[in-house]
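Novice: Sharing a sequence plus its predicted fold:
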Amino acid sequence: MRDIDFKTLRLFVAVCDHRNIARAAEEAHIEPSAISKRIAQLESELGVPLLLRSRRGVQPTAAGTALLEHARNVVFTMERIASDVAAFGGGLKGRVSVCASASAIAEALLDDIASFMREPQYQNIRVDVEEKLSFDLVRQLREGATSVGVCWDNVDLQGLEHRPYRQDRLALAVHRDHPLASEASLRFDQTLEHAHVGLLPSTAVHTMLRRAAARAGKTVSYRVIVSSFDAAFRVVAAGLGISVVPLEVAETYRPVLGIKIVPLTDAWAQRRFVVCFKNFDALQPAAQRMVDYLESRAKRPST
């Protein structure tokens with residue numbers, strides 16, 4: 001089989017999206033017959049029909065559906081390649097892939113990235129943000145699957161470079177009628193007689209709380225395990241448990257859900273975030289500018 005032509009793949013995707021060859025041809029500014037010829041040739045090379053044709057239009061066959069999934073990925077990848085390489089041409093352009101922990105995303109990261117992208121000199125930079133567990137985030141950076149990561153500095157950063165980012169403090173979210181709601185502050189070990197609402201065991205904060213409880217000779221009793229801070233706050237508001245959460249995020253939910261927030265006094269409750277990457281010099285210019293910008297936010301208090 002000959003190498004599959006990229007333009008043919010892109011046209012095939014357009015035809016499947018529109019379910020109509022004529023509309024795909026109009027969008028691509030070519031004749032419908034040219035698209036039909038390209039797809040017929042592709043079917044011949046692959047040895048299977050890719051489209052079911054009817055008076056109402058077309059739809060992919062089972063083989064066509066399989067090809068469509070791969071074709072979308074190829075088109076997306078090629079467009080990203082073109083965008084990233086353009087960063088080395090006139091003007092600063094490019095696309096930056098960012099993986100971040102749930103805490104970083106829930107707090108100031110998205111606002112900081114938006115502020116970065118509003119700067120006139122960075123208006124042609126695109127940013128992809130994906131939420132990842134800290135363990136997976138670090139692994140993807142080491143493997144080169146993503147450019148920049150933002151996470152808690154408590155994770156293993158061996159083999160990576162990193163810069164300081166923002167800080168936050170952990171606190172306890174409790175129902176307003178809970179026995180701990182009247183406390184001005186608490187140590188974590190003082191919460192362990194009560195039922196907790198926790199994040200997934202694979203998260204860094206879950207591991208940290210388990211270790212903190214072990215140092216106190218106790219365990220954390222989880223009544224509910226959830227996958228997000230939003231869910232944790234809602235379970236707390238329902239009176240089903242207490243939860244260790246970032247203070248900065250809690251302040252958003254407190255007035256809405258009527259819950260109480262009690263700061264934790266443990267030293268580890270003051271957290272530091274970092275911007276990490278494999279090699280700063282190997283980053284594309286757009287990613288380097290973003291790293292510098294996020295580092296500059298470390299000098300400002302979290303909002």
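Specialist: Arrived safely.
Novice: what's next to stretch 227-247, contact-wise?
Specialist: 102-103, 106-107, 168-175, 177-178, 180, 188, 191, 194-200, 205, 209, 222-224, 226, 249-250, 253, 257-259, 261, 263-264, 271 (CB atoms under 8 Å, 6 or more residues apart in numbering). To be clear about C-beta, it is placed using only N, CA and C from the backbone, and glycine gets the same treatment.
Novice: If you count neighbours, what's buried in that stretch?
Specialist: Across stretch 227-247, burial judged by 16 or more other CB atoms under 10 Å covers 229, 232-237, 241-247.
Novice: Which ones among these map onto helices?
Specialist: 229, 232-237, 247 (DSSP state H).
Novice: any low-confidence regions in the stretch 201-303 of the chain?
Specialist: Applying pLDDT under 70 to the stretch 201-303 of the chain flags residues 299-303.
Novice: Tell me which other helices or strands the helix or strand containing residue 114 touches.
Specialist: If you go by DSSP states H and E, residue 114 is part of helix 109-118. Using 3 or more CB pairs under 8 Å, 6 or more residues apart in numbering; DSSP states H and E as the contact test, the elements touching helix 109-118 are strand 125-131, helix 285-297.
Novice: any idea of the mean pLDDT for it?
Specialist: Mean pLDDT, computed over helix 109-118, is 94.
Novice: Show me which parts of that helix are buried, residue by residue.
Specialist: Under 16+ other CB under 10 Å, the buried positions of helix 109-118 are 109, 112-113, 116-117.
Novice: quick one, it and strand 125-131 angle?
Specialist: Using axes from the mean of the first three to the mean of the last three CA atoms, to 10 degrees, the inter-axis angle of helix 109-118 relative to strand 125-131 is 170 degrees.
Novice: Any idea what the residue positioned nearest the centre of the chain is bridged to?
Specialist: Most central in the chain under CA atoms, centre = their mean is residue 130, positioned 1.6 Å from the mean C-alpha point. Beta-bridge partners for residue 130, by DSSP bridges, are residue 99.
Novice: Test my guess that it contacts residue 101.
Specialist: No. Contact criterion CB atoms under 8 Å: residue 130 and residue 101 do not qualify, at 10.9 Å.
Novice: so where do the helices sit in the stretch 1-150 of the chain?
Specialist: Taking DSSP state H, counting those that start in this stretch, the helices of the stretch 1-150 of the chain run over residues 6-18, 21-28, 32-46, 62-85, 102-106, 109-118, 134-143.
Novice: right, and those helices - which one's nearest residue 287?
Specialist: Smallest distance to residue 287 across those (CB to CB): 9.4 Å, for helix 62-85.
Novice: Which strands or helices does the closest one pack on?
Specialist: helix 6-18, strand 94-100.
Novice: Mind doing that once more with 10 Å?
Specialist: Here helix 62-85 touches helix 6-18, helix 32-46, strand 51-54, strand 57-60, strand 94-100, strand 125-131, helix 285-297, going by 3 or more CB pairs under 10 Å, 6 or more residues apart in numbering; DSSP states H and E.
Novice: Give the buried residues for the last one.
Specialist: In terms of neighbour count (16+ other CB under 10 Å), helix 285-297 has its buried residues at 286-291, 293-294, 297.
Novice: Over to the longest one?
Specialist: Burial within helix 32-46, assessed by neighbour count using 16+ other CB under 10 Å, is assigned to 32, 35-36, 38-39, 42-43.
Novice: Distance to residue 78 and pLDDT added to these, as JSON lines?
Specialist: Below are the buried residues of helix 32-46 laid out as JSON lines (distance: CB to CB, whole Å; pLDDT from 0 to 100):
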{"residue": "32", "distance to residue 78": "24", "pLDDT": "92"}
{"residue": "35", "distance to residue 78": "19", "pLDDT": "95"}
{"residue": "36", "distance to residue 78": "23", "pLDDT": "94"}
{"residue": "38", "distance to residue 78": "17", "pLDDT": "94"}
{"residue": "39", "distance to residue 78": "19", "pLDDT": "94"}
{"residue": "42", "distance to residue 78": "17", "pLDDT": "93"}
{"residue": "43", "distance to residue 78": "22", "pLDDT": "93"}
